[in-house]
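K.L.:
quick one, structure for this:
(4 chains)
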Protein chains: 2
Amino acid sequence: MSGTNTGVPSLVDAPLAERVPVSEYAACPVTGLLHRLGDKWSLVTLVLLGGRPHRFNELHQRIEGVSQRMLTRTLRALESDGLVRRTVHPTVPPSVEYALTSPGQALLGPLSQVADWAVEHRTDARPTL
Amino acid sequence: MSGTNTGVPSLVDAPLAERVPVSEYAACPVTGLLHRLGDKWSLVTLVLLGGRPHRFNELHQRIEGVSQRMLTRTLRALESDGLVRRTVHPTVPPSVEYALTSPGQALLGPLSQVADWAVEHRTDARPTL
DNA sequence: CTGTATCCGTATAGATACTG
DNA sequence: CAGTATCTATACGGATACAG
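P.N.:
So this is what the prediction gives:
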């Protein structure tokens, strides 16, 4: 889709400077996003929430192997990135619901394209030896 | 995305003191890919090579701030993932050309979709907690 | 020119135990 | 139920020196 002009430079046909300055990629939003989503639990969390909202313990049970601490950290990070909305119901005991925001939902499409590529080209993470 | 891990490949004997560690993200190819591309230098390297092939020192000069060590590690990792092809011309002094493979080129399209989302939603790299 | 070898500081991930 | 606190292990990134 490199021909589609949205006013936003595309990765494919963007005219690149002779020299890429540090400031442009050190805080590159794309690299930052990939870095965030590339941690161990973010993607599976996003996909589960893409199906329907979940409570904390639901996620904890469905995501095999995740610790409470890591699940909390993952959800807080996704919330801070604006991908997930956290809703506390002041009941006793407390109930917290996590759901995708609208941008979060919108991200799943593009991510699917990358996922398709990954599956098609069998980009298993080989040991990088 | 299941947690089925077929086993950690053995760290076979290599006299190399420095070894790229086996990552924990082998379970999901998509997460593994995002994790790989989310490091500090992979994306800018891919984009530059998407424009045209480069020699080592060209990349070293155009990617401001990268050390020889990190550039080497980045290129080796991309090569191991099948995204980049490394061609050595046996001249004196040696000349090495790096270029995208066909799958590597094909990945830039899907990545652009994610990049568009990132720019549109201003997913700047915020501190992660 | 194209890398390796060593050493080092920091960031991230996880296990376990505890709590409002 | 939904988290924190503490502690540890390891991965990542960088500086510098050296080599084929």
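K.L.:
show me what contacts the most centrally placed residue in chain A?
P.N.:
Nearest residue to the geometric centre of chain A (Cα atoms, centre = their mean): A:Leu37, 4.0 Å. Going by Cβ atoms under 8 Å, 6 or more residues apart in numbering or on different chains, A:Leu37 touches A:Leu43, A:Leu46, A:Leu111, B:Thr31, B:Leu34, B:Gly38. Every residue, glycine included, has its C-beta placed from N, CA and C.
K.L.:
what do you get if the cut-off is 10 Å, keeping everything else the same?
P.N.:
Counting by Cβ atoms under 10 Å, 6 or more residues apart in numbering or on different chains, A:Leu37 touches A:43, A:45-46, A:77-78, A:81, A:83, A:107, A:111, A:114, B:30-31, B:34-35, B:37-38, B:114, B:123.
K.L.:
now A:His121. Nearest residue, chain neighbours left out?
P.N.:
Nearest residue to A:His121 in three dimensions, chain neighbours excluded: B:Pro103, at 4.7 Å (Cβ to Cβ, 6 or more residues apart in numbering or on different chains).
K.L.:
do A:Val114 as well
P.N.:
B:Pro110 (4.6 Å).
K.L.:
also A:Asp116?
P.N.:
Using Cβ to Cβ, 6+ apart, the nearest residue to A:Asp116 is B:Pro110, at 7.3 Å.
K.L.:
smallest gap between chain A and DNA strand C, at which residue?
P.N.:
A:Asp39 (3.1 Å; Cβ to the nearest atom of the strand).
K.L.:
that residue: neighbour count?
P.N.:
20 (other Cβ atoms under 10 Å in any protein chain shown).
K.L.:
over to it. Which of the three states is it?
P.N.:
coil (DSSP: H, G, I helix; E, B strand; the rest coil).
K.L.:
look up how far A:Leu46 lies from the residue nearest to the centre of chain A.
P.N.:
With the distance defined as Cβ to Cβ, to the nearest Å, A:Leu37 ends up 8 Å from A:Leu46.
K.L.:
tell me which residues are up against stretch A:90-102.
P.N.:
Applying Cβ under 10 Å, 6+ apart, the set of residues contacting stretch A:90-102 is A:45-59, A:71, A:75, A:78-79, A:81-89, A:105-108, B:121.
K.L.:
point out where chain A drops to low pLDDT.
P.N.:
When residues are selected by pLDDT under 70, those of chain A lie in A:1-27, A:122-129.
K.L.:
near DNA strand C, which residues of it?
P.N.:
A:Asp39, A:Lys40, A:Trp41, A:Gly65, A:Val66, A:Ser67, A:Gln68, A:Arg69, A:Met70, A:Arg73, A:Pro93, A:Pro94 (Cβ under 7 Å from any atom of the strand).
K.L.:
hmm, try it at 10 Å
P.N.:
Contact residues, chain A versus DNA strand C (Cβ under 10 Å from any atom of the strand): A:32, A:35-36, A:38-42, A:65-74, A:77, A:92-94, A:96.
K.L.:
in strands only, show me the residues you listed.
P.N.:
Among these, the members falling in strands (DSSP state E) are A:Val96.
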